[in-house]
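Visitor: Pasting a predicted model and its sequence here:
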Amino acid sequence: MNSVLPAGRRPGFVGTAGNRRNEAVRRYVATLLGIGSPEQLAASLIERASLSGGRVESHEFGRDQHSSASAGAMLFGMAGIPLISDDVLAPFFRRVAGLVRLNGTVHGHDGQYVSSASSWSIAQVLLGLLVGARRLDMHIPRLHRMVTTLTRLQDRDSGGWALRADELPRPAFSFYPALALARVWRSGLERSDQLARSLAGTADYFVRCLRSSTAPVEELLLALRALTIVTRALVGTGLILSDLDLTETADSLRDRACSSRHGLLLRDLPIFTYSQPFWHMTLWRPLTWLTIRGHASPLSPLDALLGHELVGAFNHDVRAWCGPGEANASNGASWPSALALAGTFLLASDLVRHEITVDQWLNRCRELQSDAFEFDVAISFAGADRAIASEINVVLRNAGYRVFYDDEQRHRMLGEDQAEYLQDIFLRRCRYAIVVVSGDFLRSKWAGNWEWPAMRARMQSQRGAYVLPYLVDDDVSLPGLNPTIGFVTLDQLRPWEFAQLVVRKLRTPPESRDLDN
């Protein structure tokens, strides 16, 4: 067999690192969306959303209907895009600031002025102003009155928010108030007892929602994101008393949101309130990417599939995003476009930070959509080598890849014929198989008798790389393994280093592999 020696690491940025990184992000955004200038796209969206009389387009461009909630969402999204110039952003900030009334409410939806008292609108305007003010170093008018109004709208019994007073709270309506008030607290603009009680109450509310797990998973992802942000804001205050494990909860929700067999399990979630005035909105699936971002690698199935939907929903004909299907805007839509463009910048930033090229990411998305394999890698090893296999598994999973590692699949193997199940995994359901080769492997009942024969059969029918050998014992050879196949030994690379080499192989574009069967 041929030993595969480790390659050198890519050097980091030097000198003008920030400028190079920003330019790389801008270039990635342009490539992902297939446009020439992200800056011009952002400026055009702001211009199209700006209506007469200081109003902001509620949804579809050209409809000429104002919504303060849309105005806040647009400012929140646009202020988070670093390439938008202050000269473009500042007038829009002043436009949104002008929607705030003396009593801390906001200008209502055209024709539905009672909506000015909705927590939904107030929270989104406040959140947009907070992000914009920090970016532009500007003053927020009537900040404390907005905070007071928003906290008074909170349901005291549950700690959550309804759309309007005397209606039922739910996680979707509580999401933006929690984000806005947490940002107020963290900014130091207000640290009142009332605000502290409000944030502690909403944290308790989200914890109960997540523990009961009765809300749709789309809303629970919002609840988890908001709870994480509130918890960070209140760290060190002693106000967060819950012992809910946020990492474990996130892993559980991600499993509910994406299946290795069936892909994305999320949907566009319509939410209706039938109290007058009648109101409805939709949690748009591609924007769910913003709630799950940062927990895993951009190459993980949930992140990659949602991110691909997000950039893929860009409509080149109208140079905007058109939003949820049942309310699809043929001319493009305001708030979906602002939040989706901000999300695209964040995605590009994540790819640059992880040193993942756009081509590598797109190839990963195609692999996940192809349904060819359930797992990217399956690890075969003897029980005595579990520590080595576990270390490899952790690196591969953190890099975003689907790994068959027996300890994490016992719930699926329960009640199954173990021989048939494992043979099927290694014969049909994994793209690559890592073999931890040792004397114990040859004597292993599971690995030696069930898994290895399946791999040998696969190698006989497939051209191109499949088995990735990692030799723990140099003097051991596997019967049936071609001696010219490249391998790595424990003396050359430690387990985590070998796993990083596998990650590089998984990122190799398909045109560099021979995938013919």
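Guide: Cool, the structure landed. Numbers count the residues shown, from 1 in each chain.
Visitor: So which elements touch the helix or strand hosting residue 280?
Guide: Element membership for residue 280, per DSSP states H and E: strand 279-283. Strand 279-283 is packed against helix 217-233, strand 269-273, with contacts defined by 3 or more Cβ pairs under 8 Å, 6 or more residues apart in numbering; DSSP states H and E. For every residue, glycine as well, the C-beta is placed using N, CA and C.
Visitor: Just the buried residues of it, please?
Guide: 279, 281, 282, 283 (16 or more other Cβ atoms under 10 Å).
Visitor: Likewise for stretch 22-30?
Guide: 24, 25, 26, 28, 29, 30.
Visitor: what would the residues you listed look like in a markdown table with distance to residue 453 and pLDDT?
Guide: Shown next, in a markdown table, are the buried residues of stretch 22-30 (distance: Cβ to Cβ, whole Å; pLDDT from 0 to 100):
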| residue | distance to residue 453 | pLDDT |
| --- | --- | --- |
| 24 | 47 | 94 |
| 25 | 48 | 95 |
| 26 | 52 | 95 |
| 28 | 45 | 97 |
| 29 | 48 | 97 |
| 30 | 50 | 97 |
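Visitor: which among those gets closest to residue 422?
Guide: Nearest to residue 422 among the buried residues of stretch 22-30: residue 28, at 40.3 Å, using Cβ to Cβ.
Visitor: does the residue nearest to that closest one when sequence neighbours are not counted belong to a helix or a strand, and which?
Guide: Closest residue to residue 28 apart from its sequence neighbours, by Cβ to Cβ, 6 or more residues apart in numbering: residue 348 at 3.6 Å. Using DSSP H and E, residue 348 sits within helix 334-353.
Visitor: after that helix, next one along is what?
Guide: The element immediately downstream of helix 334-353 (helix or strand, assigned by DSSP H and E) is helix 358-370.
Visitor: State the mean pLDDT of that next one.
Guide: Helix 358-370 comes out with an average pLDDT of 92.
Visitor: Then stretch 55-63?
Guide: Per-residue scores along stretch 55-63 average to 94.
Visitor: close enough to count as contact, residue 136 and residue 91?
Guide: No - counting by Cβ atoms under 8 Å, residue 136 sits too far from residue 91 to count as a contact (10.6 Å).
Visitor: who touches both of the two?
Guide: The contact sets of residue 136 and residue 91 do not overlap (Cβ atoms under 8 Å, 6 or more residues apart in numbering).
Visitor: Tell me if I'm right that residue 184 and residue 196 touch.
Guide: No - using Cβ under 8 Å, residue 184 makes no contact with residue 196, being 11.1 Å away.
Visitor: Compare these two and say which is more crowded by neighbours.
Guide: A side-by-side neighbour count of residue 184 and residue 196, using other Cβ atoms under 10 Å, places residue 184 first with 26 against 16.
Visitor: Assumed the more buried one was part of a helix.
Guide: Yes - checked against DSSP: H, G, I helix; E, B strand; the rest coil, residue 184 lies within a helix.
Visitor: Around residue 85, how many other residues sit close by?
Guide: Neighbour tally, residue 85, other Cβ under 10 Å: 10.
Visitor: Return the residues in contact with it.
Guide: Counting by Cβ under 8 Å, 6+ apart, residue 85 touches residue 39.
Visitor: if we can go back for a sec, packing partners of the helix holding residue 348?
Guide: Against helix 334-353 (3+ Cβ pairs under 8 Å, 6+ apart) you get helix 17-33, helix 38-49, helix 68-79, helix 289-292, helix 301-312, strand 320-321.
Visitor: Quick one: closest of these to residue 460.
Guide: helix 301-312 (29.6 Å).
Visitor: neighbouring strands for the very next helix or strand once past the closest one, and are they parallel or not?
Guide: Sequence order places strand 314-315 as the next helix or strand after helix 301-312, per DSSP H and E. Here strand 314-315 is paired, per DSSP bridges, with strand 320-321 (antiparallel).
Visitor: which stretches of this protein aren't confidently modelled?
Guide: Filtered on pLDDT under 70, the chain yields the residue ranges 1-17, 111-116, 276, 326-327, 509-517.
Visitor: Check which strands are paired with the longest strand along it and give the direction for each one.
Guide: Longest strand in the chain, counting residues (DSSP state E): strand 430-437. Strand 430-437 sits in its sheet next to strand 375-380 (parallel), strand 467-471 (parallel), going by DSSP bridges.
Visitor: Give me the residues contacting the first one.
Guide: Read it as strand 375-380. Under Cβ under 8 Å, 6+ apart, the answer for strand 375-380 is 260, 367, 389, 392-393, 396, 401-405, 425-426, 429-436, 441, 447, 451-452, 455, 468, 502, 506.
Visitor: Can you give me the buried ones in whichever helix or strand comes after it?
Guide: Scanning forward in sequence from strand 375-380 by DSSP H and E, the next helix or strand is helix 386-398. For helix 386-398, the neighbour count (16+ other Cβ under 10 Å) marks 386, 388, 389, 391, 392, 393, 395, 396, 397 as buried.
Visitor: Any chance of the residues you listed in a markdown table with distance to residue 494 as columns?
Guide: Shown next, in a markdown table, are those (distance: Cβ to Cβ, whole Å):
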| residue | distance to residue 494 |
| --- | --- |
| 386 | 16 |
| 388 | 9 |
| 389 | 13 |
| 391 | 8 |
| 392 | 10 |
| 393 | 14 |
| 395 | 11 |
| 396 | 15 |
| 397 | 17 |
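Visitor: tell me which of these is nearest to residue 79?
Guide: Nearest member of those to residue 79, counting by Cβ to Cβ, is residue 397, at 34.3 Å.
Visitor: can you tell me which residues contact the closest residue to the closest one other than its chain neighbours?
Guide: Nearest residue to residue 397, sequence neighbours excluded (Cβ to Cβ, 6+ apart): residue 403, at 5.5 Å. Neighbouring residues of residue 403 by Cβ under 8 Å, 6+ apart: 375, 376, 377, 378, 379, 393, 396, 397.
Visitor: Identify the farthest-apart pair in those.
Guide: Among the contacts of residue 403, the pair separated by the greatest distance (Cβ to Cβ) is 378 and 397, at 12.9 Å.
Visitor: Can you list the buried residues in the helix holding residue 348?
Guide: Neighbour-count burial for helix 334-353 [16+ other Cβ under 10 Å]: 334-352.
Visitor: Over to stretch 247-261?
Guide: Neighbour counts over stretch 247-261 (16+ other Cβ under 10 Å) mark 249, 250, 252, 253, 254, 257, 258, 260 as buried.
Visitor: export these to JSON lines and tack on distance to residue 132 and secondary structure?
Guide: Below are the buried residues of stretch 247-261 laid out as JSON lines (distance: Cβ to Cβ, whole Å; DSSP: H, G, I helix; E, B strand; the rest coil):
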{"residue": "249", "distance to residue 132": "31", "secondary structure": "helix"}
{"residue": "250", "distance to residue 132": "29", "secondary structure": "helix"}
{"residue": "252", "distance to residue 132": "35", "secondary structure": "helix"}
{"residue": "253", "distance to residue 132": "30", "secondary structure": "helix"}
{"residue": "254", "distance to residue 132": "31", "secondary structure": "helix"}
{"residue": "257", "distance to residue 132": "31", "secondary structure": "helix"}
{"residue": "258", "distance to residue 132": "33", "secondary structure": "strand"}
{"residue": "260", "distance to residue 132": "41", "secondary structure": "coil"}
